[in-house]
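Visitor: Any chance you could fold what I've pasted below:
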Amino acid sequence: MNSVMRMKKYNQNIKRYLMILSMCTALVFSSVAQENSKQEPAGQINVDTIQAKKVQLTITEPLYQIGYGTCTQSELTTAVSVISSKDLIRTPFVSIENALVGKASGLSVLRNLGDEPGFASYNMYIRGTGTENSMNSPYILVDDVERKFSQLDIHEIESVTVLKDGASNAQYGQRGANGTILFTTKRGFVGKPEIELIAQAGTQQPVNLPKFLQSKEYVTLYNKALQNDGLLAPSDNKYNPDMYNGSQNPLLYPDVDWYDQFLKNNALQQQYKLMFRGGTETIRYFILLGYMDQKGLYKYTDLNNGYDTNIDYNRINLRSNLDATVNKTLTVSLDLAGNIENKNMPNSSATDIFTTLSSLLPNAMPVQYADTMLAGTSQFQKNPLGMIAHTGYRQDRGLGLQIKAKAVQDLEIITPGLKAELAMGYDGASSFGLYKTASYATYELQSDGTYTQYGQNVPVSM
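Guide: Numbers count the residues shown, from 1 in each chain. As a prediction, this is how the structure comes out:
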């Protein structure tokens with residue numbers, strides 16, 4: 001129904017208005033924190049006489065984990081940053097440290113040993129370095145228990161809370177001198193069960209690899225450097241740039257891009273997660289089963305019968321968080337988390353292999369000779385092919401177990417808000433490995449067609 005409303009000021013001293021309505025069935029007055037008031041006009045309505053009933057508004061605020069408890073945002077007076085689960089899983093990182101980069105102000109995550117699968121290492125700082133000695137890392141708690149977090153699956157984390165200032169770390173004393181990071185894992189809820197399956201597959205690519213000169217450019221600049229120092233270029237044809245125009249014997253005048261020769265352009269990475277979450281008023285649960293696998297970038301890893309020397313890191317994660325309401329005043333919880341990790345790699349470390357790849361000159365030697373003998377020189381006796389494929393292999397196994405049991409007794413009968421909490425945590429870890437060693441010989445081709453041998457060929461003893 002159409003209606004017309006006009007407002008006429010009828011008191012010049014006080015801001016009051018007269019509403020003149022026509023063809024209006026009802027007038028609804030609304031205000032914050034009040035119930036709507038509906039008036040059916042019968043002529044004129046005096047706005048001053050309209051009464052509205054106040055109501056209690058329920059405003060849901062996010063809860064922040066702060067040292068053995070929680071508080072709402074309006075109650076928070078300290079420097080705290082919270083990273084939610086949604087923020088962590090936006091990108092399919094395998095390591096939690098990578099997922100934390102750039103997610104919280106004041107938190108610095110620095111990689112210090114590259115990103116080799118299974119061996120990535122990071123340093124974390126909150127607002128820089130707080131102490132002068134080596135103990136300058138943040139205090140790490142997982143569900144209020146001091147323990148390692150690097151083997152956790154990203155999808156089992158509910159939130160990460162970073163406590164940055166002295167006030168937020170006061171309850172931890174000296175342990176919180178460098179800040180505190182609280183990891184909270186997911187728990188069940190009252191409601192219909194949720195089942196979630198996640199499958200992710202992708203590739204990893206090396207970035208910022210060094211670019212080396214080819215043999216012709218290297219020899220030209222090498223001779224120029226000698227000339228600048230007042231020295232003569234060597235008479236050996238290996239220092240003649242014209243010998244690297246592609247028409248000469250590549251075994252005598254090689255031109256090798258060592259990084260391109262031994263590193264793939266990408267490597268496979270895959271993750272699979274199966275999660276169950278739900279519960280009733282009596283018992284709530286969260287269960288996760290996860291599998292992750294990362295491959296390495298090395299070429300020539302399948303040259304041996306019975307074993308592969310490529311880097312391969314895989315991990316199985318299992319978590320079960322159970323919460324039970326025993327009665328109106330007692331709740332108990334049991335958290336079980338375990339992981340199994342496997343690492344496979346050549347018996348030469350990544351540091352040694354990459355150091356050799358970076359040290360070899362493009363014209364130092366070929367990779368191998370026509371009769372499959374590995375090339376070497378008196379100066380460069382290590383051959384990357386031998387280091388990757390012919391030094392044996394190494395397999396590391398690791399098992400981890402984390403347990404937490406907790407009981408909370410409500411003592412409201414004594415005084416409002418009083419509770420007693422008993423918690424126990426246990427961490428167990430074991431590791432073992434299998435090492436199979438071998439060695440290889442390298443050969444240097446002489447101008448008379450003979451070879452000089454360095455080292456000995458010793459196969460793997462299976």
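Visitor: Okay, now the unreliable bits of the protein?
Guide: Within the chain, the stretches with pLDDT under 70 are 1-61, 133, 462.
Visitor: which helix is the longest one in it?
Guide: Longest among the helix segments of the chain by residue count, using DSSP state H, is helix 215-228.
Visitor: after that helix comes which helix or strand?
Guide: helix 258-262 (DSSP states H and E).
Visitor: Check which residues of stretch 216-225 are buried.
Guide: Across stretch 216-225, burial judged by 16 or more other C-beta atoms under 10 Å covers 216, 218, 219, 220, 222, 223. Any C-beta I mention is one placed from the backbone N, CA and C, and that applies to glycine too.
Visitor: do the same with stretch 247-260
Guide: Using 16+ other C-beta under 10 Å as the test for burial, stretch 247-260 gives 253, 254, 255, 256, 258, 259.
Visitor: Surely residue 392 is in contact with residue 435?
Guide: Yes: between residue 392 and residue 435 there is a contact under C-beta atoms under 8 Å: 7.3 Å.
Visitor: between the buried residues of stretch 216-225, which is nearest residue 457?
Guide: residue 218 (30.8 Å; C-beta to C-beta).
Visitor: what about the residue nearest to the closest one when sequence neighbours are not counted, how many neighbours?
Guide: Spatial nearest neighbour of residue 218, excluding adjacent residues (C-beta to C-beta, 6 or more residues apart in numbering): residue 362 at 5.6 Å. Residues near residue 362, counting by other C-beta atoms under 10 Å, number 19.
Visitor: State the three-state secondary structure for residue 362.
Guide: What DSSP: H, G, I helix; E, B strand; the rest coil gives for residue 362 is coil.
Visitor: Pull the contacting residues for it.
Guide: 212, 213, 214, 215, 218, 254, 255, 256, 257, 258 (C-beta atoms under 8 Å, 6 or more residues apart in numbering).
Visitor: With residue 292 instead?
Guide: 94, 153, 270, 271, 272, 314, 315, 317.
Visitor: list the buried ones in the helix or strand where the last one lies?
Guide: The one in question is residue 317. Using DSSP H and E, residue 317 maps to strand 312-325. Of the residues in strand 312-325, 312, 313, 314, 315, 317, 318, 319, 321, 322, 323, 324, 325 count as buried by neighbour count, 16+ other C-beta under 10 Å.
Visitor: Equivalent analysis for stretch 284-293, please.
Guide: Buried-residue list, stretch 284-293, by 16+ other C-beta under 10 Å: 284, 285, 286, 287, 288, 290, 292, 293.
Visitor: Generate CSV for those, with secondary structure as supplementary columns.
Guide: Compiled in CSV, the buried residues of stretch 284-293 are given as follows (three-state DSSP):
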residue, secondary structure
284, strand
285, strand
286, strand
287, strand
288, strand
290, strand
292, strand
293, strand
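Visitor: Columns distance to residue 85 on top of the residues you listed, output as CSV?
Guide: Shown next, in CSV, are the buried residues of stretch 284-293 (distance: C-beta to C-beta, whole Å):
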residue, distance to residue 85
284, 17
285, 17
286, 12
287, 16
288, 12
290, 14
292, 17
293, 23
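Visitor: what about stretch 167-181, how long is it end to end?
Guide: Length of stretch 167-181, first residue to last, C-alpha to C-alpha, to the nearest Å: 14 Å.
Visitor: ok, now stretch 429-449?
Guide: End-to-end for stretch 429-449, by C-alpha to C-alpha: 56 Å.
Visitor: Let me see the residues that make contact with that stretch.
Guide: Under C-beta under 8 Å, 6+ apart, the answer for stretch 429-449 is 251-252, 307, 347, 365, 369, 373-378, 381-383, 386, 390-401, 451-462.
Visitor: hmm, which of the residues you listed are the buried ones?
Guide: Using 16+ other C-beta under 10 Å as the burial test, these include 347, 365, 373-377, 382-383, 386, 390-394, 396, 398, 400, 451, 454-455, 460 as buried.
Visitor: Show me those residues that map onto strands.
Guide: Using DSSP state E to define strands, the subset of the buried ones among the contacts of stretch 429-449 located there is 392, 393, 394, 396, 398, 400, 451, 454.
Visitor: Report the beta-bridge partners for the second one.
Guide: Right, the one you point to is residue 393. residue 346, residue 436 (DSSP bridges).
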